[in-house]
Structure formats: C-alpha cells, structure tokens
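> here is a sequence with its predicted model. Questions after.
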Amino acid sequence: MKFFVDTAEVSDIRALAEAGLVDGVTTNPSLIAKSGRNMAEVIREICSITPGPVSAEVTATDFDTMLAEGRYLRDLAPNVAVKVPLTEAGLRTCRALANEGTPVNVTLCFSAAQALLAAKAGAAFISPFVGRLDDISTDGMTLIADIVQIYRNYPQLKTEVLVASVRHPMHLVQAAKLGAHVATLPPGVIRQLLKHPLTDSGLAAFLADWKKTGQSIL
Ligand code: G3P
C-alpha cells in the first residue's frame, strides 16, 4: 500500500520522507491556506522532496478555467498530479488532462457511483473521504469496500483508490485490509501508527537493564 502525506507542511514531509514513509503528497486549498505560503512555491518545494505524485488542486469551478489552472499546476513540476473536484466540470477537466498524459486525482468523492464516473473520465486516483462520511454517521469504509470491488470487476479501469480524510490508525488498517491502493495520511496519524505502549515499556526495560551493565556501545 502506498502512503501519501496529506499536508503542505514541508518540514513534516521532509522528516517522514527521510524515514522512507512518503510515496507521494496530497494538498488541497485548505492545507495550502494553513501553510500560509504561496501555492506555486510550496508545490514546487514539495515536488523536490518526493519523486512521487504531489496533488495540487484547482480552485475554479468552470471547465475552461479549471483546465487552464490544471495545465498551470501540471507545469510546476514533472510529478504534479492535478486534483479536481467531483463535479461535471471536474470530470471534463479530468478527461482533457488525462488525454494530455497528466495524472488527475478526483477528490471529494462520497459515493461508489461517483467513483465509477471518475474512473471512466480517466482519473489516475479517486479520493473517497472516509472521515467526513463517518462524521455524518455513514460508514466510510463501506464506501472503500464498494469502490475496490467495483474497480476489481472491471480491470480495464486503471484508477487507484486513494483513501482520504483518514483520521486515525484504524482507518488505515481497514483500508489496507480492503486492498485500497493508497492512503493519504496527516502527519499526526502517521506518528500515531508508530505508537504502541508495549514498545515504549519494552524499550524502557531494555535501557534500564543496559544501564546496569555499565557498558556503552560507542
Ligand atoms: O485531502 C483531503 C482530506 O484528506 C481531508 O481530510 O480530515 O479535512 O476530512 P479532512
């Protein structure tokens, strides 16, 4: 399973990339706003840290402007994936960019029917938002199971399922069990994945015993 990092914070991406945990990055207008940085500048910098796809999202809502924005974003770096919302104009933009060889991430997906449309429009990635479905008492993981099953039924569809709006470690574990291709994870969730109380207590015991030996490795 590929891990993308869902952030525009360069320091987090750099640290996680050094641990080999970054296969790509996703951003959105809210994350760019949170970073407080110029979009083009931060996307270029992120693209220089990871060779994997870096999603940069259009902000227009009409087809012509969306396509122009998508082309602009694509030209920022060779590993940009253009992100478009799951609207009719977004799917037209997706098809046009895909025909030009640009990978497109179709975002804000909340139903299996939407995911099927995105695949037919040539999306490289579909981003179903599991946490936001859970927020409204609808099981986000059922949507992942449905999309994975539908895409498997039609091997000619090459779209990868990119699980987004991941809020906690169990979202990741469940998505991996279902065979989703990618999960995009906020840095905080990646750090939560590391944690286990038995790791902490085991390490503390090893270090206490080591201290009694009076030795040092170096
Ligand atoms: O990249 C979009 C997505 O992951 C949003 O997550 O937590 O704002 O629903 P969240």
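Cool, got the structure. In this text, all values refer to a predicted model and were calculated from it rather than measured experimentally.
> please report phi then psi for Phe3.
phi -110, psi 120 (degrees, to the nearest 10).
> may I have the phi/psi pair for the residue nearest the centre of the chain?
Nearest residue to the geometric centre of the chain (CA atoms, centre = their mean): Thr184, 2.8 Å. Per-residue torsions, Thr184: phi -100, psi 130 (degrees, to the nearest 10).
> that one against Thr7, yeah?
No. Using CB atoms under 8 Å, Thr184 makes no contact with Thr7, being 9.2 Å away. In short, each C-beta sits where N, CA and C put it, glycine included.
> please identify the residues of this protein in proximity to the ligand?
By CB under 6 Å from any ligand atom, the residues of the chain that approach the ligand are Asp6, Thr26, Asn28, Phe129, Gly131, Arg132, Ala164, Ser165, Arg167, Thr184.
> again, only using 8 Å
Proximity of the chain to the ligand is confined to 6, 26-28, 30-31, 55, 107, 127, 129, 131-132, 135, 164-167, 184, 186 under the rule CB under 8 Å from any ligand atom.
> can you select the buried ones among those for me in ChimeraX?
Paste this into ChimeraX to select the buried members of those, with burial taken from 16 or more other CB atoms under 10 Å:
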select :6,26,27,28,31,55,107,127,129,131,164,165,166,167,184,186
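> select from the residues of the chain next to the ligand every entry located in strands.
Asp6, Thr26, Ser55, Thr107, Ser127, Thr184 (DSSP state E).
> redo these as JSON lines? Include distance to Leu207 and pLDDT.
As requested, these are exported to JSON lines (distance: CB to CB, whole Å; pLDDT from 0 to 100):
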{"residue": "Asp6", "distance to Leu207": "34", "pLDDT": "98"}
{"residue": "Thr26", "distance to Leu207": "38", "pLDDT": "98"}
{"residue": "Ser55", "distance to Leu207": "41", "pLDDT": "98"}
{"residue": "Thr107", "distance to Leu207": "45", "pLDDT": "98"}
{"residue": "Ser127", "distance to Leu207": "42", "pLDDT": "98"}
{"residue": "Thr184", "distance to Leu207": "35", "pLDDT": "98"}
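> Ala176 - how many residues pack around it?
Other residues within reach of Ala176, judged by other CB atoms under 10 Å, total 12.
> and it, how close does it get to the ligand?
17 Å (CB to the nearest ligand atom, to the nearest Å).
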